[in-house]
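Student: Give me a model of this one.
(one chain, ligands or ions: 2)
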Amino acid sequence: MADSIAYKILKEHLVEGKLEKNREIGIRIDQTLTQDATGTLAYLQLEALGINRVRTELSVSYVDHNTLQNGFENADDHRYLQSAAARFGVWFSRPGNGICHQVHLERFGVPGKTLLGSDSHTPTAGGLGMLGIGAGGLDVAVAMGGGLFYLNTPEVLKVHLIGRFSPWAGAKDIILEILRRLTVKGGIGKIIEYGGPGLAGLTVPERATITNMGAELGATSSLFPSDDLTRNYLNSQGRKEQWRMIEADQGAEYDQEITIDLNKLEPMAAAPHSPDAVKPVREFEKIKVDQVAVGSCTNGSYDDLRLLAEIMKGQVVHPDVSLVVAPGSRQVYLNLAREGIIESLIASGARILETACGPCIGVGQAPPSGGISVRTFNRNFPGRSGTADARVYLAGPAVAAAAALTGSLTDPRELGDFPVIPNPPEPFIDERMIIKPPEDGNSVEIIRGPNIKPLPVNDKLPDRLKLTVLLVAGDNITTDHIMPGGSKVLPLRSNIEALSKYAFSSLDQDFARRARESGGGSIVAGENYGQGSSREHAALVPMYLGVKIVLAKSFARIHRANLVNFGILPLVFSNQADYDRLSVGDDLVIEGLMKQLESENITIICKNDHSKINAAHGLTPRQLAIVRAGGLLNYTRVDKS
Ligand code: MIC
Ligand code: SF4
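Tutor: Ligands and ions are numbered 1, 2, ... in the order given. The predicted model follows:
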């Protein structure tokens with residue numbers, strides 16, 4: 001049979017189930033990654049599972065999100081993570097060494113292998129032909145322990161690339177164009193696979209920009225072939241023996257196919273507040289820009305920052321713009337520094353930030369009130385920048401440079417000729433800030449500061465549920481709405497009680513209090529509930545506050561899996577019009593739940609008028625058992641005893 005790249009890798013890793021559309025499969029995971037904001041929970045869960053040493057080929061713990069260290073909390077988390085890594089046999093990438101996805105691409109990613117990461121942008125590794133999937137920390141903990149990862153057999157969508165970029169257009173414009181066409185829901189349940197003659201013009205970091213933002217399409221993963229360009233990249237990273245050719249078979253079948261002609265691509269931008277609100281930059285009004293931010297796991301590569309420097313060379317940032325730049329990894333930073341590019345950026349007025357996520361997750365550099373920020377990042381959800389009324393535009397480094405120089409959202413073609421960029425020298429490789437775990441971690445003491453609180457545990461799902469509606473939310477609710485990021489809230493990621501006060505705070509300041517007083521309840525939502533990040537706190541905290549069901553029109557994949565993992569029942573309206581009948585404060589009752597779960601449909605009774613609402617759970621037998629047990633931790637523990 002002629003296989004796509006996606007199916008080739010899935011077949012090689014398939015342990016349970018059949019590769020048939022929409023059927024659940026269990027796959028073997030070769031590598032895992034965690035980052036600090038989700039990692040603390042992942043390692044607490046690894047401990048709770050009683051796992052002594054990781055059983056993957058490679059597991060890496062990165063510290064890249066919370067490096068501000070405003071108080072003792074971040075540093076405590078770092079110390080916990082470093083000691084847990086040594087204890088369990090995990091490599092540790094120290095704070096300041098770079099953003100997990102960029103470092104993983106450079107130092108660890110291997111074509112044809114599987115990577116499960118507790119971060120939604122784990123598919124960045126697809127730039128190398130590695131199947132990267134984002135998941136909640138508990139799924140990653142289970143995979144570290146040698147367990148399978150379960151997902152529904154995805155559909156495969158092929159993006160056929162033809163032509164060559166015209167000057168000023170780049171990789172970011174490809175993914176923005178795909179977001180424009182397919183929207184933030186367009187990739188749900190799919191792996192996006194790239195092919196066609198246009199591939200030849202895309203370097204691995206450029207491919208990684210594209211696979212990274214496949215997360216914004218809601219896709220399970222995104223994949224490029226592993227070809228000669230991939231071999232050259234791995235060679236330049238001193239890892240040529242890890243290369244292997246992976247290409248789709250001739251005549252491979254796809255569920256959907258779209259074509260993008262690179263010749264026709266123009267510089268694009270996504271308007272506030274959604275990554276799919278995309279238009280060519282020339283169609284936007286020339287609004288005044290207050291801030292330009294370059295970096296993140298999407299566009300923090302050597303090529304991205306060098307392009308910015310070359311465009312700005314000899315010129316200075318506009319007086320009304322603050323230009324902040326964060327290299328994606330320390331290796332990128334070092335190489336730029338060795339070649340005088342950092343000097344050139346400083347001379348152009350850039351404020352160089354630490355090599356970390358920083359402003360992308362609202363840790364520092366919040367724009368001014370009502371400010372406009374142009375960012376080379378991947379998400380522009382409301383409030384994520386740290387300023388509630390800021391407006392964030394997403395674009396590539398050329399558009400960022402044009403905004404930095406002119407002070408307004410400007411098509412970079414107006415700057416004149418595209419600069420001549422010489423071929424880069426072979427990169428200087430540096431991994432001295434990555435610590436190898438000791439052969440035997442048994443004697444390593446795990447260090448816990450006062451901010452590392454025990455994990456909350458859930459009860460078994462009861463047979464009768466009486467649930468007050470605590471919130472009625474709209475479409476496309478992001479995990480940033482459910483559990484915000486930012487420098488104030490992120491340090492509490494390992495302290496669920498303290499964190500819980502911020503649940504849904506951008507939508508409803510009163511949510512946490514109301515949930516506590518009602519003794520829990522339910523959340524009602526529109527389509528694509530839980531899009532965005534993989535943070536399992538967006539399920540764990542509602543669980544902690546007593547939420548038992550989320551009743552939505554549809555769910556985002558990672559978040560739905562996280563709800564199951566924490567014992568919250570995700571239900572989908574059978575009749576979407578029922579959504580309009582529900583209001584905050586309504587009482588819902590589900591009788592005989594255990595019996596009802598045996599069939600597809602659940603009947604919910606609205607107490608006020610005794611009317612009925614039908615909903616479907618769509619859970620596999622394995623997921624049902626997890627929900628019944630009150631979550632994956634309980635389920636795994638029960639399973640073991
Ligand atoms: C994000 O980009 O939203 C994050 C912060 O990297 C998250 C993970 C988290 O919330 O810690 C993600 O994308 O999964
Ligand atoms: Fe970090 Fe932003 Fe990438 Fe998330 S999207 S991993 S916060 S740089």
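
Student: could you show me where the helices are in the stretch 301-450 of the chain, in order?
Tutor: 302-312, 330-338, 341-347, 397-406 (DSSP state H, counting those that start in this stretch).

Student: looking at those helices, which is buried most?
Tutor: Neighbour counts (mean count of other CB atoms under 10 Å) averaged over each of these peak at helix 397-406, with a mean of 27. All C-beta atoms are positioned from the backbone trio N, CA, C, and that covers glycine.

Student: And for that one, what's in contact with it?
Tutor: With contact meaning CB atoms under 8 Å, 6 or more residues apart in numbering, helix 397-406 is reached by 168-170, 172, 267-269, 281, 289, 292-294, 299, 304-305, 307-308, 311-312, 315, 317-318, 321, 323, 348, 374-376, 395, 409-412, 414-415.

Student: so how far is it off the chain centroid?
Tutor: Chain-centre distance of helix 397-406: 26 Å, with CA atoms, centre = their mean, to the nearest Å.

Student: Restricting to C-alpha, output it in PDB.
Tutor: Output of helix 397-406 as PDB, limited to C-alpha atoms (Å, rounded to 0.1, in the frame of the first residue of the first chain):
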ATOM      1  CA  PRO A 397      10.400  38.600  10.800                       C
ATOM      2  CA  ALA A 398      10.300  40.700   7.600                       C
ATOM      3  CA  VAL A 399       6.900  42.300   8.600                       C
ATOM      4  CA  ALA A 400       8.300  42.700  12.200                       C
ATOM      5  CA  ALA A 401      11.300  44.500  10.800                       C
ATOM      6  CA  ALA A 402       9.200  46.800   8.600                       C
ATOM      7  CA  ALA A 403       7.000  47.700  11.600                       C
ATOM      8  CA  ALA A 404      10.100  48.300  13.800                       C
ATOM      9  CA  LEU A 405      11.500  50.700  11.200                       C
ATOM     10  CA  THR A 406       8.400  52.600  10.100                       C
END
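
Student: Weed out the non-buried ones from the contacts of helix 397-406.
Tutor: Buried residues within those, defined by neighbour count using 16 or more other CB atoms under 10 Å: 168-170, 172, 267-269, 281, 289, 292-294, 299, 304-305, 307-308, 311-312, 317-318, 321, 323, 348, 374-376, 395, 409-412, 415.

Student: quick one: which of these sit in strands?
Tutor: 268-269, 292-294, 323, 374-375, 395 (DSSP state E).

Student: from those residues, which two are the most distant?
Tutor: Greatest spatial distance among those (CB to CB): Met268 and Leu323, at 20.5 Å.

Student: Looking at stretch 564-582 now, give me its mean pLDDT.
Tutor: Mean pLDDT, stretch 564-582: 97.

Student: Now do the end-to-end distance for that stretch.
Tutor: 23 Å (CA to CA, to the nearest Å).

Student: And stretch 1-15, by the same measure?
Tutor: End to end - CA to CA - stretch 1-15 spans 20 Å.

Student: what does that stretch rub up against?
Tutor: Taking CB under 8 Å, 6+ apart as the rule, stretch 1-15 contacts 19, 25-30, 112-114, 129, 131, 148, 153-154, 156, 158, 191, 193, 221, 223, 225, 246-254.

Student: Adding distance to ligand 2, write the ones in strands among the buried ones among the contacts of helix 397-406 out as TSV.
Tutor: As requested, these are exported to TSV (distance: CB to the nearest ligand atom, whole Å):
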residue	distance to ligand 2
Met268	19
Ala269	17
Val292	16
Ala293	11
Val294	12
Leu323	18
Val374	16
Arg375	10
Ala395	15
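
Student: Can I get the buried part of the contacts of stretch 1-15 as one PyMOL selection?
Tutor: Selection of buried members from the contacts of stretch 1-15 for PyMOL, criterion 16+ other CB under 10 Å:
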select buried, resi 25+27+28+29+30+112+113+114+129+131+148+153+154+156+158+191+193+221+223+225+246+247+248+252+254
